[in-house]
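What shape does this take:
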Amino acid sequence: MAITLTDSAAERVRSYLESRGSGFGLRLGVKKTGCSGFAYVINYADEVEPDDIVFEDAGVSVVVDPESLALIDGTEVDFVKEGLNEAFKFRNPQASSECGCGESFNV
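Predicted structure coming up:
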């Protein structure tokens, strides 16, 4: 079981946390919504709940709740810049399909 970050994603999280002045990592989860069934939820982690699972990758802590992990285990998180847009992107081996925007998926 693991969630991994590309170098670009890890650098983005580290730089944002430094400028933010608080938090210790990235919180990744899912919610039931979106055009394909589930949507990724990404935030900065300020605390860890007792049942959370914490991964370390590229010097960044990634916090995931157990229910979300079942749907995103093995996901690689990337941070990409496309023209004027920049966003986190997800490569989820559990996803059987994704919407065109890449922010929601189905398993």
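
Off-centre distance for the host helix or strand of residue 70?
Using DSSP states H and E, residue 70 sits in helix 66-72. Offset of helix 66-72 from its chain centre (C-alpha atoms, centre = their mean, to the nearest Å): 11 Å.

Next, the buried residues of that helix.
68-69, 71-72 (16 or more other C-beta atoms under 10 Å). Quick note: C-beta positions are derived from backbone N, CA and C, even for glycine.

For that helix, name the packing helices and strands.
Packed against helix 66-72 by the contact rule (3 or more C-beta pairs under 8 Å, 6 or more residues apart in numbering; DSSP states H and E) you find strand 25-32, strand 38-45.

Using PDB, write out every CA atom in it.
Listed next in PDB are the C-alpha coordinates belonging to helix 66-72 (Å, rounded to 0.1, in the frame of the first residue of the first chain):
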ATOM      1  CA  PRO A  66      -8.500   4.200   5.300                       C
ATOM      2  CA  GLU A  67     -11.700   4.400   3.200                       C
ATOM      3  CA  SER A  68     -10.000   6.600   0.600                       C
ATOM      4  CA  LEU A  69      -6.900   4.400   0.500                       C
ATOM      5  CA  ALA A  70      -9.000   1.500  -0.700                       C
ATOM      6  CA  LEU A  71      -9.800   3.500  -3.900                       C
ATOM      7  CA  ILE A  72      -6.500   5.200  -4.400                       C
END
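
Beyond that helix, next helix or strand please.
Beyond helix 66-72 on the C-terminal side, the first helix or strand identified by DSSP H and E is strand 76-82.

List the buried residues in that following strand.
Taking 16+ other C-beta under 10 Å as the criterion, strand 76-82 shows 76-79 as buried.

mean confidence score for that strand?
Computed over strand 76-82, the mean pLDDT rounds to 93.

residue closest to the middle of the protein?
Note on the chain: the residue nearest the mean C-alpha position is residue 28, at 4.0 Å, using C-alpha atoms, centre = their mean.

Export the buried residues of helix 66-72 to CSV and append columns for pLDDT and distance to residue 59.
Shown next, in CSV, are these (pLDDT from 0 to 100; distance: C-beta to C-beta, whole Å):
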residue, pLDDT, distance to residue 59
68, 93, 22
69, 94, 21
71, 90, 26
72, 91, 21
